[in-house]
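*Asks:* what's the 3D shape of this:
(one chain, ligands or ions: 2)
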Amino acid sequence: MAMICVQDAEIIILQLVDALKETETISLDEATGRILAQSISSQLDFPYWDNSAMDGYGVRFEDVSQCSSENPITLDIITEIPAGIQPQTTLKSGQACRIFTGAMLPDGVDTIIMQENTSKQGDKIVILSPPKYPGEFVRKKGTFYQAGNILLKPGVTINEPEIAVLATAQCPTVTVYRRPSVAILSTGNELITPSQTLQAGQIIDSNQYALRAFILKNGGCPICLGIVDDNPKILKQKIIAAINCADIVLSTGGVSVGDYDYIDNILKELGGKIEVNGVAIKPGKPLTVAKFDNGCVYFGLPGNPVSALVSCWRFVQPALQKLSGLKGDHKPKFFKAKSSHNLSAKGQRETYIWGQLKLVNGDYIFELANGSQNSANLINLALTNGLAVLPIGITQINQGEVVTVLSL
Ligand code: AMP
Ligand code: MG
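*Replies:* Ligands and ions are numbered 1, 2, ... in the order given. Presented below is the predicted three-dimensional model:
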């Protein structure tokens, strides 16, 4: 299978994934970051009733519309209405009520005079300047929202503003899509866990942890299957288990052309349809993506730590978003930024250069990570929040020139 370009790989991968249908109903307390799976509406108008937008005095507009500081109007204060109380009186001409922000308007009040434009004299209030229009500083019932209309549609991420809306719509529980389950396995005879003692020639498995964090950050449910030796029989059993327990499988290593790279063959033996096998991207060329009849999508990611993460950011993240039920185009976020350094690439593959996207005096700047841009160098990957993209054919972006940056 021929190597394909990044954009083709992206399209193929997104087509392999369908949004989850299964939902669960959870407490609003647990809903942060989840994807809404129901339409939300409320039986209440918002505001629920006419209320005051200010601390001040409730009046009848016609009583005070002609007043001024030279010609103030004095009204009798007949009652005080704090927020939370249902007013019991009806205001007549010549009367005012003391009222506070959020308090319900009594019958007869149509306008609020802010406290600052009044002068209190015993049980009377002197109005020193007229309201600009009838209804000034009144939040009218239903002006923000009318009962029965749709407040939120399925497919949005529930963050703090949506939580506020759900709370106000009196939804103590909410129906969300279930989290996508993602199995992770690290392949390689050389790998040990971080708690094992390093022997000569071994490599500590960082991918398992990095990928787990990536899945958690993207709303998935990681299933960590650990380290698997480069033994075709054992690998095959682990892959079968992974395919049967997860919506997506991420394995790292074993997809290159080395003697111990068995993944592609095993996927074929298990009936996986290989959809991607090599992408013109650097780092991350040896990417294998296969689809299984049970719907599972398998990503055989390169073993090098930077390659594995770049592949996740560029290809797995959009797939995971689509799977999760999130509506939208499922594309990575690209920004234009001024490069603080010269950036170079060989030009044969779309090249992703890691560093930091910063906002300096209102402009985005891309700052190249210190140290070697080597796909095994996970050390200078720390603090990366942006990947500068040099398309095929571009070998140099000079300092001060604009570059496209994938924002992480
Ligand atoms: P492979 O694609 O299996 O040949 O792996 C390429 C490189 O990535 C080798 O140097 C591996 O030792 C390294 N590597 C593979 N898997 C991991 C892992 N889970 N964590 C850290 N490095 C890894
Ligand atoms: Mg390997």
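
*Asks:* before we move on, which element is the spatially closest residue to residue 374 that is not a sequence neighbour in?
*Replies:* Using Cβ to Cβ, 6 or more residues apart in numbering and skipping the chain neighbours, the partner closest in space to residue 374 is residue 306 (7.5 Å). Using the backbone N, CA and C atoms, a C-beta is placed for each residue, glycine as well. Using DSSP states H and E, residue 306 falls within helix 305-311.

*Asks:* Tell me which other helices or strands the helix or strand that that helix is followed by touches.
*Replies:* Counting by DSSP H and E, the next helix or strand C-terminal to helix 305-311 is helix 317-323. When contacts are defined as 3 or more Cβ pairs under 8 Å, 6 or more residues apart in numbering; DSSP states H and E, helix 317-323 packs onto helix 6-16, strand 248-252.

*Asks:* for helix 317-323, which positions count as buried?
*Replies:* By neighbour count with 16 or more other Cβ atoms under 10 Å, helix 317-323 contains the buried residues 317-323.

*Asks:* Specify which member of those is nearest to residue 106.
*Replies:* Nearest to residue 106 among these: residue 321, at 50.6 Å, using Cβ to Cβ.

*Asks:* Was I right to think that closest one contacts residue 329?
*Replies:* No - judged on Cβ atoms under 8 Å, residue 321 makes no contact with residue 329 at a distance of 9.5 Å.

*Asks:* Just confirm residue 264 is within a strand.
*Replies:* No - applying DSSP: H, G, I helix; E, B strand; the rest coil, one finds residue 264 to be helix, outside a strand.

*Asks:* Now do the phi/psi pair for residue 83.
*Replies:* Backbone torsions of residue 83, given as degrees, to the nearest 10, read phi -60, psi 140.

*Asks:* so what's the backbone phi/psi at the residue nearest to it when sequence neighbours are not counted?
*Replies:* Spatially, and ignoring its direct neighbours in sequence, residue 83 is nearest to residue 102 (3.9 Å; Cβ to Cβ, 6+ apart). Here is the backbone geometry of residue 102 (degrees, to the nearest 10): phi 90, psi -10.

*Asks:* Could you work out the end-to-end span of stretch 300-309 for me?
*Replies:* 12 Å (Cα to Cα, to the nearest Å).

*Asks:* So which bits of it are buried?
*Replies:* Buried, per 16+ other Cβ under 10 Å, within stretch 300-309: 300-309.

*Asks:* Spell out which two among these are the most distant pair, please.
*Replies:* Of all pairs in the buried residues of stretch 300-309, the most separated under Cβ to Cβ is 300 and 306 at 16.6 Å.
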